[in-house]
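[1] would you be able to build a 3D model of this:
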Amino acid sequence: MNPFERTPLSPYVQLQELEDAYAECLIEEDVRLLGQLWKEIRELRTQLSLPIYDFVTPAEQRM
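    This next block holds a predicted model:
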């Protein structure tokens, strides 16, 4: 086993990392990346049968 090989993250950890990155993009108002992250968050939440919270942020309103 390669000690530098990354162990795959659980879907819940992946979701938390995506949501954290989304929050950082909101703060920085990186609209381009927000859209991509939101798409990935929605897909992962659907896979995990978790609710999807649709809301429009001020940054998204300016798109």
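
[2] buried sites along stretch 9-18?
    With burial defined by 16 or more other Cβ atoms under 10 Å, the residues of stretch 9-18 counted as buried are 14-15, 18. Backbone N, C-alpha and C define where each C-beta goes, glycine included.

[3] show me the residue at the heart of this protein, geometrically.
    Nearest residue to the geometric centre of the chain (Cα atoms, centre = their mean): Leu18, 2.8 Å.

[4] can you read off the pLDDT for it?
    Leu18 is assigned a pLDDT of 89 by the prediction.

[5] surely it and Leu37 touch.
    Yes - counting by Cβ atoms under 8 Å, Leu18 does reach Leu37; the two are 5.8 Å apart.

[6] what's in contact with the helix or strand hosting Asp20?
    Assessed by DSSP states H and E, Asp20 sits inside helix 11-28. Outside of helix 11-28, the residues within contact range by Cβ atoms under 8 Å, 6 or more residues apart in numbering are 9, 33-34, 37-38, 40-41, 44-45, 47-48, 50, 57, 59.
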